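**Student:** Based on what follows, work out the 3D shape:
(one chain, ligands or ions: 1)
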Amino acid sequence: MIHRTYQEQLQTWDKQYLWHPFTQMQDYVKETPLIIEEGTGLFLKDVDGKEYIDGISSMWCNIHGHRKKEIDDAIKRQIDRIAHTTLLGPSNIPAIELAKRLVEIAPQGLTKAFYSDNGSTANEVALKMAFQYWQHKGLKNKTQFVALQYGYHGDTIGTMSVGGIDIYHKVFQPLYFKTHFAPAPYCYRCPVGKQPGDCTLACLEELENILRGNSDRIAAVIMEPLVQGAGGMITHPSGYLSGARALCKKYKALLILDEVLTGFGRTGKMFACKHEDVVPDIMATSKGINGGYMPLAATLATEEIYHAFLGKYAELKTFFHGHTYTGNPLGCAAALASLELFDKEQILENLEPKINYLRANLKRFELLKHVGEVRQCGLIAAIELVEDKITKAPYPWEKRVGIQVCLEARKQGLLIRPLGHIIVIMPPLCIGGQELDRLLDIIYESVKTVTQATTLPLFS
Ligand code: PLP
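**Tutor:** Numbers count the residues shown, from 1 in each chain. Predicted coordinates for the structure are as follows:
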């Protein structure tokens, strides 16, 4: 724990010098900042020494807990050799070993790994690969993309062009390239007016209409498989993903799967697409790739895609893309250690009981007056709060109901972050039964306290 006067100094500097992501700084500077000093396992500790369960895996990426010895040691071993060397030209040992390992665990058919630094760049690479692939194939009009409403693929201009969340994406509209948006299979608010009982995946017809009408122009369909994260942890009905895969084949569009959030065990399998035996043409990964330790991403592609880029130097078929820290040895060494832990600790094999336990214990939330829907896929869950359960009317944005629930939870030692009025539960995969109970108890009480308070404050 650090000295109180230094704590105060840090709080002042935090407000004075730092601009936090996705944060209204006008509100932020009025509050006491939470400054994390250290963490172990599932827990984070702030500069006051107060502990919090890391209920969102430090922004959906931590897998084995914090300060996991095996990963710490792998980074230390690597740092004693070299911290960074470029992949533009030379190679490096962890980057080679990790590429091999990624191809081994990826859906069969993805044979090449292209590194970058984060989820946005992993998808940006995927979009550029898909675009250039068709250029090399001589189908030069295939320049447009299809994405899902409520989809989120990152914050670069390219990934925002295929982003479907108005509050984040609309303001930048004039900067975007052409994207067609298909309805999200958001069953609680079904875009084609069906009830879960009579779902025939009619929403796929909308996707098919777009593909049929534009197949000579569409380069690829991009989507998050099974769970649309930032759009509200929207869980897809079974069969949607394989249906989309079939449509892509039928209309000669590539399928890009954004496994940035869902990859590395989060949904109960190593990659979400394995639930429906789907193999994409291109797959973007990041977040959990090295247990949530450092910036690293890999975009995997099939042999068919890779081969389209081969040619004589002068033909300019090269994939002209790369970042300074592409294939950083420390990040790759951490990833190798993380993947070794998947084997050693049988992470995937041990997930099933945790997932079932979570499902059973989420039931009680459904009875709460302002809980519209509880959704779950693997160890990802979301509680959609509504002002009116019958009409499904959402809370007004300015009531900041999700933020209030999270602030309440924080008082009780749990760190979570909402998506508007949707409460997200996404603990590291190492969470145990007792810790899961504690996490759910805190959220349950916090939801009750905030939503059943007689008046909710309004924020401007
Ligand atoms: N894709 C998905 C599905 C995500 O959930 C995210 C981040 O939340 C991204 C891409 C962007 O990743 P990053 O924030 O690392 O750029």
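
**Student:** which residues touch the residue positioned nearest the centre of the chain?
**Tutor:** Nearest to the geometric centre of the chain sits L261, at 2.5 Å (C-alpha atoms, centre = their mean). For L261, the contacting residues are W60, G119, E224, V227, G229, K287, I380, by C-beta atoms under 8 Å, 6 or more residues apart in numbering. Every C-beta, even on glycine, is put in place using the N, C-alpha and C of the backbone.

**Student:** Can you give me the distance of it to S286?
**Tutor:** Per C-beta to C-beta, to the nearest Å, L261 is found 9 Å from S286.

**Student:** Check V125 too.
**Tutor:** From V125 across to S286, the span is 11 Å (C-beta to C-beta).

**Student:** and if you look at Y306?
**Tutor:** Applying C-beta to C-beta, the value for Y306 to S286 is 20 Å.

**Student:** One more: K178?
**Tutor:** Going from K178 to S286 by C-beta to C-beta gives 26 Å.

**Student:** So if I had to pick from these two, which one is more boxed in?
**Tutor:** Legend: neighbour count by other C-beta atoms under 10 Å for K178 and S286, higher for S286 (27 against 11).

**Student:** Need the phi and psi values for the residue lying closest to that one once chain neighbours are set aside.
**Tutor:** Computed as C-beta to C-beta, 6 or more residues apart in numbering, the closest residue to S286 that is not its neighbour in sequence is A297, at 3.6 Å. When read as degrees, to the nearest 10, the backbone of A297 gives phi -150, psi 160.

**Student:** which residues does A297 contact?
**Tutor:** Taking C-beta under 8 Å, 6+ apart, we find A297 in contact with 115-119, 121-122, 125, 260, 284-286, 289.

**Student:** now swap in L379 and tell me
**Tutor:** With contact set as C-beta under 8 Å, 6+ apart, L379 has these partners: G265, R266, T267, G268, L351, K354, I355, L358, M426, P427, L429, I431.

**Student:** Kindly reformat these as CSV containing secondary structure.
**Tutor:** Below are the contacts of L379 laid out as CSV (DSSP: H, G, I helix; E, B strand; the rest coil):
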residue, secondary structure
G265, coil
R266, coil
T267, coil
G268, coil
L351, helix
K354, helix
I355, helix
L358, helix
M426, coil
P427, coil
L429, coil
I431, coil
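
**Student:** got a winner among those residues for most neighbours?
**Tutor:** Neighbour max across these (other C-beta under 10 Å) = R266, 28 neighbours.

**Student:** is the ligand contacted by stretch 326-342?
**Tutor:** No: Stretch 326-342 is not in contact with the ligand by C-beta under 6 Å from any ligand atom; minimum separation 12.5 Å.

**Student:** where's the residue nearest to the centre of the chain, which helix or strand?
**Tutor:** Using DSSP states H and E, L261 falls within no helix or strand.

**Student:** Against N290, how distant is it?
**Tutor:** 15 Å.

**Student:** got a list of what the residue nearest to H370 when sequence neighbours are not counted touches?
**Tutor:** Leaving out its chain neighbours, the residue that sits closest to H370 by C-beta to C-beta, 6+ apart is T451, at 3.8 Å. Going by C-beta under 8 Å, 6+ apart, T451 touches L368, K369, H370, L385, V401, V405.

**Student:** Filter these down to the ones in strands?
**Tutor:** By the criterion of DSSP state E, membership of these in strands covers L385.

**Student:** and the contacts of T451 as TSV, adding pLDDT, neighbour count and distance to P21?
**Tutor:** Shown next, in TSV, are these (pLDDT from 0 to 100; neighbours: other C-beta atoms under 10 Å; distance: C-beta to C-beta, whole Å):
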residue	pLDDT	neighbour count	distance to P21
L368	97	17	31
K369	95	12	33
H370	97	19	28
L385	98	26	23
V401	96	25	21
V405	98	24	21
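
**Student:** how about the contacts of T451, which pair is most distant?
**Tutor:** By the measure C-beta to C-beta, K369 and V405 form the most distant pair in the contacts of T451, at 13.8 Å.

**Student:** per the record, what domains does this structure have?
**Tutor:** Using automatic domain parsing, the domain parsing of the chain gives 34-64+347-451, 71-344.

**Student:** got the ones you listed as a markdown table, with distance to T23 columns?
**Tutor:** Output for the domains of the chain, formatted as a markdown table (distance: least, C-beta to C-beta, whole Å):
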| stretch | distance to T23 |
| --- | --- |
| domain 34-64+347-451 | 10 |
| domain 71-344 | 13 |
